[in-house]
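>>> How does the following fold in three dimensions:
(chains A, B and C)
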Amino acid sequence: MSELLEVDNLSKRFGGFVALDNISLTVPAGERLGLIGPNGSGKSTLVNCICGTLRNEQGSVRFDGKPIDGMPAHKRTHLGLARSFQLPRPFTSLSLVDNVRIPRLYTVAARGMHRTAEEIDDHCHGLLREVGLEAKARHLPRDLTQVEMRKLELARAMAAEPKLLIADEAMAGLTHSEIGDILALLVRLNERGVTVILIEHIMSAVMSFSRRLVVLVSGRMIADGKPDEVMRNPEVEKAYLG
Amino acid sequence: MIFSFDLLINAVVSGILIGGFYAAMASGVSLSFGILDIVNIAHPAFIILGSYAAYTFNHAFGFDPILVSIVMLPAFYILGAGIYQIYYVAFEKRGQESLRGLAFFFGLLFITEVALVLYFGVDYRDVEAWYIGPTWHLGDVDVPLRIAVPCMVSLLLIAALQLLLGRTFIGRAIMAVAQDQLALRLMAVNPIRIKRIAFAISIATASLAGAFLIIIQPVEPSVGRDYIGRIFAICVLGGMGSLPGTVIASMLIGVVESLTSTFYGPSWAPAVSFGFLLLTLAVRPAGLLGR
Amino acid sequence: MRTLPFLVISLVIAGLVFAAALAIGNEYIFFAGYVVLQYIVLSTAWNILGGYCGYVNFGTGAFFALGAYSTVAIYNFIGKNELPHVIPMPVLMLVGGVVSGIVGFGMGYLTLRLRGAFFSIATLALAVVLQTLVINWDFVGGSRGAYILRPESVPLLGSYIRYLFLAMLLLAVGSLVIARLIERSRLGYGMTTIRDDELAAEASGVPTLRVKLIATTISGALMGMAGAPFPYYIGYLQPDSTFALDYAINAIAMPLIGGTSTWVGPLIGAVLLDSLQQLITVTISSAVNLLIVGCLLVAFVILAPNGIVGLFRKYFRHKHDDFVGRHRTALDEPGSVPAAGAAPE
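Next comes the predicted model:
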């Protein structure tokens, strides 16, 4: 299995505050990686640095064998790196189907694929169907519930046909069955070949989904391995139980 | 152009003094833009309003313009509170500050300016006071009191503001609201009320700044437009909300403008502050003493 | 409707407008109409960056003036009386457009990495810097201003003002077609995402910087093209009034009052607001005119944020076809598509 994502000694500071301290991580293609850690440990910062939303001062990131340091976020998306935002950020002026259409339109062109408008439209409706939002395809995001916005967030990330999808706390505040829906969706994606990094606080979801677990505490990676082993790690216990 | 040390010193001193006055003008925007993130480009119009208020009472009763502006502080405060309330309900609440909020203030700029034109006409107005006219001569250096007095009062104003922000509860709440509104709410402080107070204070400073302006130069309604860029340049250069930074930036711009004007001619001076602004935005958007 | 039929229909309407103006027989119609058309171009141009992308440009006056001063520069270079015979208006417009387009690109490159508010302030700064440069450049008259001699007449059309009117009419049609084309294309969608949430747009694969640069360049170029004939219209060009903030407020007020989400908005805003302004200037005073603009702007921005187009859509809820091949989903304003349980605006 080739390494899809390689993060090498990545550090990020905000003024005097060290948000990430020498993070090194490799993710092989097809992996189901769980990323956990207490609030403020730097999980979202790490995602932002990997995806290009933030620029890291030190370290490097390689995706699919290519170094992507300094590459703007949209180019990384074209390469196959997609993420959903922790707090959903839909395009409020556009309908759901148009929200999902945007990444499709831009990545299709960037990858030199040729699709007619009808094909793209079908694909978008299909994506909405998969997350259970097809009935509201022509609605605006403001008509959605919190849960539905999360699903839209995921659908939009999926629309770019990513090789790696980073789901940032997509399940916060959901009911048990809703969590199950999202998990099932992510598993389906993974079975289709998409590598998934799941960032979550809901331990049951993380444990059932992840084949590998990484723990971040105060900007440092303190554990990386099989979920059961990691949870038995005394440092991890300390971080979570104090 | 003869380079004379005399000329240089006077240009620098003059620049510093004017800079002190610029600081008063920019302090309001330091509050509204630097701390509250509200792009009030109508601020110069309120300054001009202050100038005309000072003019009216000075012309009619002979009161000292600076005293008039201090008496007018409550009126400007109320005006500021009212404007913020409209701004909040119409824009901030709906999340439309960027385009429509900006347009709102732009509209206010014009409305204020034209209202003044309609009421006072386009003639230049000025005020009279005992310090307008005399000049101190300290060796080779000329210090026109007309500029020195506003400069000193302006620095007092800034010091007062700094004390307010640093030492009082309201002041610290204002600094806090810029950073974490939720935390404020949890402390049973209404962030909207705090922001309203802050914005009202920023408009109140315009009253004083207006008096300073009309002491330093004759004023007509569209004079405010020249200051829009200067004020925001100072705010950005000074680090967006840092009052000491505002003072330093003001004096820096004042000196450079003064030198440019003295040695290259006044027609190049407007470009100075704006050029500075562009440079700052390009190179160090956080300003000199940025947060 | 595809672009080509739209273009044809627009040209036909333009032709009718011109014919009607000729039929009225009063030369004043051309003078007044020219200004309306000019504002149609300016507000359409502004809206491409402001309404579609959400980036407010206060420097409309500067781009307009650049176009005007390009013409002056060429005029002074070639020699006063030779110009109209040597270089026709469309070419002058093109030059003005190119100059302003390049400056627009440059400005964009310098400032578009900045947050929205900083960008707007930077546009103000740039406008003043440009104005200062022009005032100090004696070749184009400097602060004294520049005189342009307008030729007496033009073959076929009659008076020169008719020629200017026609040129501006065609430019107006062109700018509307361009705006509409952008709006319905992938570029327009990209602009909408930038306006809604630039961070998410970038993460979704939209090349935000490139899109914004295209917007600033086209916007600046159109404004410059609108400015190119101006010296001939006005006869005496004065830097202070040409670079004035008055152009900025009109270019902002017209789209905001008309409606920023579509090409129709600036058109409506320009026609209504400029006609109103001309009426007021003639009947009351030009100062009151600006007061009215300011008040209307503030009123609309508070009460009818989606402009006249938005009001129209609210009362006559339209349903447009999907983007597939033809029209875009016209869902720019909340509430324009009936949704279960949605509260009205």
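
>>> Rounded mean pLDDT for the helix or strand harbouring residue A:189, please.
If you go by DSSP states H and E, residue A:189 is part of helix A:176-191. Helix A:176-191 shows a mean pLDDT of 90.

>>> List the buried residues of the helix or strand encompassing residue C:7.
Assessed by DSSP H and E, residue C:7 sits inside helix C:3-24. Neighbour counts using 16 or more other C-beta atoms under 10 Å in any protein chain shown place C:6-7, C:10, C:14, C:17-18, C:21 of helix C:3-24 among the buried residues. For the C-beta atoms, the positions are set from N, CA and C on the backbone; glycine is no exception.

>>> What pLDDT does the model give residue C:322?
39.

>>> Now do the same contact list for residue 64.
All of this is about chain A. Each residue near residue A:64 by C-beta atoms under 8 Å, 6 or more residues apart in numbering or on different chains is listed here: A:4, A:79-80, A:163.

>>> Can you look at chain C instead?
C:42, C:223-224, C:226-227, C:230, C:242, C:247.

>>> Just the closest of these to residue A:15, please.
residue C:223 (40.3 Å; C-beta to C-beta).

>>> check which helix or strand covers the residue lying closest to that closest one once chain neighbours are set aside.
Once flanking residues are discounted, residue C:223 sits nearest to residue C:63: 3.7 Å by C-beta to C-beta, 6 or more residues apart in numbering or on different chains. Using DSSP H and E, residue C:63 sits within helix C:60-78.

>>> Only alpha carbons, please: show that helix as PDB.
Output in PDB follows, covering the C-alpha atoms of helix C:60-78 (Å, rounded to 0.1, in the frame of the first residue of the first chain):
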ATOM      1  CA  THR C  60     -14.800  53.600  -9.600                       C
ATOM      2  CA  GLY C  61     -13.900  57.200 -10.200                       C
ATOM      3  CA  ALA C  62     -10.300  56.300 -10.700                       C
ATOM      4  CA  PHE C  63     -10.900  53.700 -13.300                       C
ATOM      5  CA  PHE C  64     -13.400  56.000 -15.100                       C
ATOM      6  CA  ALA C  65     -10.800  58.800 -15.000                       C
ATOM      7  CA  LEU C  66      -8.100  56.500 -16.300                       C
ATOM      8  CA  GLY C  67     -10.100  55.900 -19.400                       C
ATOM      9  CA  ALA C  68     -10.800  59.600 -19.800                       C
ATOM     10  CA  TYR C  69      -7.200  60.500 -19.300                       C
ATOM     11  CA  SER C  70      -6.000  57.900 -21.800                       C
ATOM     12  CA  THR C  71      -8.100  59.700 -24.400                       C
ATOM     13  CA  VAL C  72      -6.600  63.000 -23.300                       C
ATOM     14  CA  ALA C  73      -3.100  61.600 -23.500                       C
ATOM     15  CA  ILE C  74      -3.700  60.400 -27.000                       C
ATOM     16  CA  TYR C  75      -5.400  63.600 -27.900                       C
ATOM     17  CA  ASN C  76      -2.400  65.700 -26.700                       C
ATOM     18  CA  PHE C  77       0.000  63.300 -28.400                       C
ATOM     19  CA  ILE C  78      -1.600  63.200 -31.800                       C
END
